[in-house]
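Engineer: Turn this into a structure:
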Amino acid sequence: MVKVFVNGNWFGCHRNASKLVEDILEMRRLYTIPKEISIVRDIGKKEIKFFTDSGRVQRPLFIVKNNKLKIRKNHIQQLIREKMDFEDLLKSGFVEFLDVEEEETAMIAMTL
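Structural biologist: Just a heads-up that it's a prediction; the model follows:
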């Protein structure tokens with residue numbers, strides 16, 4: 001059982017932390033919920049924290065699944081030809097925004 005916090009306020013408890021984080025992350029990547037929502041899971045404290053408040057610095061990162069970038073050369077070519085823009089990358093789930101707290105629990109590669 002994990003405690004769930006939203007913007008620092010206790011919201012409730014959840015039995016399946018992995019599934020909750022996975023579902024919310026999937027919804028953010030599919031643009032079902034706002035891209036600015038931050039998801040932080042603290043396994044040691046048995047907490048999940050969601051941040052939706054404004055003023056958090058975020059940076060865009062490419063999404064990697066099964067050790068491969070989700071974005072492909074043809075998507076880059078579409079960007080160059082202006083048939084796709086940054087917003088399309090977000091909506092397609094190729095890029096997501098992470099804030100400082102979420103970065104601490106993410107695995108971020110500096111090179112391919």
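Engineer: How much space separates the residue located most distally from the centre of the chain from Asn74?
Structural biologist: The outermost residue of the chain relative to its centre, with distances by C-alpha atoms, centre = their mean, is Arg81 at 27.2 Å. Distance of Arg81 to Asn74, given as C-beta to C-beta, to the nearest Å: 10 Å. The C-beta positions use only the backbone N, C-alpha and C, and glycine is treated the same way.
Engineer: just the strands in the chain please.
Structural biologist: All strands of the chain, identified by DSSP state E, fall at 2-6, 9-14, 38-42, 47-51, 58-62, 64-65, 68-69, 95-99.
Engineer: which helices and strands sit right next to the last one?
Structural biologist: So the one you mean is strand 95-99. Packing contacts for strand 95-99, counted by 3 or more C-beta pairs under 8 Å, 6 or more residues apart in numbering; DSSP states H and E, involve strand 58-62, helix 86-91.
Engineer: Mind exporting the C-alpha coordinates of that strand to CSV?
Structural biologist: Extracted in CSV, the C-alpha atoms of strand 95-99 (Å, rounded to 0.1, in the frame of the first residue of the first chain):
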residue,chain,number,x,y,z
VAL,A,95,9.1,13.2,-26.3
GLU,A,96,8.1,14.0,-22.7
PHE,A,97,8.8,16.7,-20.2
LEU,A,98,10.5,15.9,-16.9
ASP,A,99,11.0,18.2,-14.0
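Engineer: So, low pLDDT: which residues of the chain?
Structural biologist: Along the chain, no part satisfies pLDDT under 70.
Engineer: rewinding a little: redo the strands of the chain as CSV? Include mean neighbour count and distance to Glu87.
Structural biologist: Output for the strands of the chain, formatted as CSV (neighbours: other C-beta atoms under 10 Å; distance: least, C-beta to C-beta, whole Å):
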stretch, mean neighbour count, distance to Glu87
strand 2-6, 17, 26
strand 9-14, 11, 30
strand 38-42, 19, 19
strand 47-51, 19, 22
strand 58-62, 14, 11
strand 64-65, 12, 21
strand 68-69, 11, 19
strand 95-99, 18, 10
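Engineer: Cheers, nothing more for now.
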